[in-house]
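Participant: no letters, just coordinates:
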């Protein structure tokens, strides 16, 4: 009888430990088990170098969504980025989506500059105004290896 109760307590302790570890993994890892409510928008960029799925989307320093997918549009030959925008956030059709870097060599994220139009983007529509990532490596290369032409 005593061994069964000890085994039960050890089993419960292990189960609680696994649940806590799983919870911390989800919370600290930023994993979304259930799809967050919101809608999808698209943007086309000439370069999204360094941008990853799950990167944040910010407006005025506040996170309003995340990057859902990055792919190459074969017709336009540009990077197609799918944004997951939080429910309740409306963006005007003339908003500007820019690829930015946190600090000098930090991670990439999308910054949205609000527009002034009264017409709002609907789900599955695309931004018309975008600014691609600044390629620091090519700027340094141009500065160091100046062409004398």
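Facilitator: That came in fine, so what should we check first? Just so you know, these numbers come straight off a predicted model, no measurement behind them. Numbering: from 1, shown residues only.
Participant: spatially central residue for this protein, please.
Facilitator: residue 55 (2.3 Å; C-alpha atoms, centre = their mean).
Participant: for it, which non-adjacent residue is closest in space?
Facilitator: Spatial nearest neighbour of residue 55, chain neighbours left out: residue 67 (4.5 Å); criterion: C-beta to C-beta, 6 or more residues apart in numbering. C-beta here means a position set from N, CA and C on the backbone, and glycine is covered the same way.
Participant: again with residue 69
Facilitator: Distance criterion C-beta to C-beta, 6+ apart; nearest residue to residue 69, sequence neighbours excluded, is residue 82 at 4.2 Å.
Participant: same deal with residue 47?
Facilitator: Residue 47 sits nearest to residue 132 (C-beta to C-beta, 6+ apart), 4.4 Å away.
Participant: my guess is the one you found meets residue 45, correct?
Facilitator: Yes - the criterion here is C-beta atoms under 8 Å, and residue 132 meets it with residue 45 at 4.6 Å.
Participant: where is the longest strand in the chain?
Facilitator: With DSSP state E applied, the strand covering the greatest number of residues in the chain is identified as strand 62-73.
Participant: pairing partners for that strand, with directions?
Facilitator: Strand 62-73 sits in its sheet next to strand 56-59 (antiparallel), strand 78-86 (antiparallel), going by DSSP bridges.
Participant: okay if I get those strands as a markdown table plus distance to residue 72 and mean neighbour count?
Facilitator: A markdown table is the format used below for those (distance: least, C-beta to C-beta, whole Å; neighbours: other C-beta atoms under 10 Å):
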| stretch | distance to residue 72 | mean neighbour count |
| --- | --- | --- |
| strand 56-59 | 20 | 19 |
| strand 78-86 | 6 | 20 |
